[in-house]
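In: 3D, please:
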Amino acid sequence: MKTSSQLSVDLIEHFYRGVLDREEYSRTIDELVAPDALVHYVPYGGNGADLLKKIWQTLHSAFDDLHFEVEQVLVQDDCVAVRGATSGIHAGPFAGHEPTGRRLTERAHVFYRVADGRIREVWPMVDRAALLRDLES
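Out: Now for the predicted structure:
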């Protein structure tokens, strides 16, 4: 029998596998994220599963071959912390930049609160400044 901590880690791993798939990200979010989840990410504004769909739609529109490399996962109570990096081929407009055709990477630390089998809260901290520097170089 899995512990609640392992079930939370499994849910987050399922989340990343699903949102990286251009055809499945919306369905994955509907399945795993509470509609009214709190998303503490100022650049996009708003909240809920719809905000996460908007974020991933933006990434899928701008990048092909998206990957997320998990470097570390920590769990405490109902919180799962993930350190890793998203990468993809810059194939569409992004942040005012035309496609470069290069593989770009954005490092992130994301904290999730999981309850009742769904993501209820997200605190993403991404290194957008480094990604923008790479776009401009």
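In: Restricting the selection to alpha carbons, write the least confident helix or strand in the chain by mean pLDDT to CSV.
Out: The least trusted helix or strand in the chain, going by mean pLDDT, DSSP states H and E, turns out to be helix 128-136, with a mean of 91. C-alpha atoms of helix 128-136 as CSV (Å, rounded to 0.1, in the frame of the first residue of the first chain):
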residue,chain,number,x,y,z
ARG,A,128,12.4,33.5,-16.9
ALA,A,129,15.2,36.0,-16.9
ALA,A,130,17.7,33.4,-17.9
LEU,A,131,15.4,32.1,-20.6
LEU,A,132,15.0,35.6,-22.0
ARG,A,133,18.8,36.1,-22.0
ASP,A,134,19.1,32.9,-24.0
LEU,A,135,16.4,34.1,-26.5
GLU,A,136,18.3,37.4,-27.0
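In: now the helices for the chain?
Out: 4-19, 25-32, 48-62, 128-136 (DSSP state H).
In: Can you point out the buried residues in the first one?
Out: Residues of helix 4-19 classed as buried: 5, 8-9, 11-12, 15-16, 18-19 (neighbour count, 16 or more other Cβ atoms under 10 Å). In this view, the C-beta of every residue, glycine as well, is placed from N, C-alpha and C.
In: Other residues contacting it?
Out: 2, 24-25, 27-29, 31-33, 52, 56, 68, 70, 73, 75, 78, 80, 82, 112, 114, 117-119 (Cβ atoms under 8 Å, 6 or more residues apart in numbering).
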